[in-house]
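[1] sequence plus predicted model, see below.
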Amino acid sequence: MSKPSGVIAMHERLVDVFTSNGLITAFAAVGLLMLVCNLISKHLTRGRIHGSAIAIAAGLVLSYIGGVSTGGEDGLADVALFSGLGLMGGSMLRDFAIVATAFGVDVEELRKAGLNGVIALFVGIIMPFALGGAIAYAFGYTDAVSVTTIGAGAATYIVGPVTGSAIGAGSDLIALSIAIGLVKSISVMIVTPMVARAISLNNPSAALVFGGMMGTTSGVAGGLAATDARLVPYGAMTATFYTGLGCLLGPSVLYLVVRALLGG
């Protein structure tokens, strides 16, 4: 039985409205997704897994479905109705969100981290890079470009593609580095509230060091939000520095070190 013409016209009109206001539609869709994921977190996991972690996993699934159904390369943003997600998920709004989060930092607390925060940044970058590079080498990636790109991805899913693009890595390696970084981000988000008490993650100074060690801004922010929302700006602050420092060191110093060790 066919639908009445009036219903079809109303449906088409609604789709046109949503499509022509893509960014607003994107915010509404993400807000609805977060609402559902937070309810799942609250009622099914009793808050042990933060809603943000569930939302990231759901977003990846939806992105895959969108990409497969349209044959495009931008995931759900390839669907006309959700085209605004391409802008919402772009670097401009991402950087705006990071800067806005940083405004919640108390400068006096930031100073207390001092040398510990700086050391945490370098250790936090070098350790996952070395581990990721070693795993890549063990799985047969023996050239400097591959090892560096995958190692950088183990730092964060932003450092990986930035480094890979700078040193001429292929799209397959860049995709792999992003995947590794996403696994790290989700893992940090889930594990943080579980270990917070054991590592005394209950004050701004500890959050600053933690953010510098972990580095993944989304993972640190989500994990700290599930632990103590007041700590989020401090962890996000050093995690943001981590990303910038990783993007600086990855295609330069770290790449040269790997190239010296492996040759070529």
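    Thanks, I have it.

[2] where along this structure do the helices fall?
    Using DSSP state H, the helices of the chain run over residues 5-20, 22-44, 51-70, 85-88, 91-102, 107-138, 144-155, 159-167, 171-195, 204-214, 217-227, 232-249, 255-262.

[3] nearest to Val79, of these?
    Closest to Val79 of the helices of the chain, according to CB to CB: helix 51-70, at 5.2 Å. For glycine as for every other residue, the C-beta is placed from the backbone atoms N, C-alpha and C.

[4] check the helices of the chain for me and report the most buried one.
    helix 144-155 (a mean of 29; mean count of other CB atoms under 10 Å).

[5] how near is the nearest residue to Thr142 once chain neighbours are set aside to Tyr141?
    Counting by CB to CB, 6 or more residues apart in numbering, Leu262 is the residue found nearest to Thr142 once chain neighbours are left out, at 6.6 Å. From Leu262 across to Tyr141, the span is 10 Å (CB to CB, to the nearest Å).

[6] try Val147
    According to CB to CB, Val147 and Tyr141 sit 6 Å apart.

[7] how about the contacts made by the residue nearest to Thr142?
    With contacts defined as CB atoms under 8 Å, 6 or more residues apart in numbering, Leu262 is in contact with Tyr137, Thr142, Asp143, Ala144, Val147.

[8] and Asp78, what pLDDT?
    pLDDT recorded at Asp78 is 78.

[9] and for it, the neighbour number?
    Residues lying near Asp78 (other CB atoms under 10 Å) number 19.

[10] surely it meets Ile65?
    No - at 10.6 Å, Asp78 does not count as touching Ile65 under the criterion of CB atoms under 8 Å.

[11] per-domain residue ranges of the chain.
    Listed by automatic domain parsing, the domain ranges of the chain are 5-89, 100-262.

[12] worst average pLDDT in these?
    domain 5-89 (a mean of 79).

[13] report the distance from that domain to the chain centre.
    Centroid separation between domain 5-89 and its chain, computed with CA atoms, centre = their mean, to the nearest Å, is 17 Å.

[14] now do stretch 123-141
    Worked out by CA atoms, centre = their mean, stretch 123-141 lies 19 Å from the chain centre.

[15] contact partners of it?
    With CB under 8 Å, 6+ apart, stretch 123-141 has contacts from 146-148, 150-155, 180, 184, 212-215, 242, 245-246, 249-250, 254, 258, 262.
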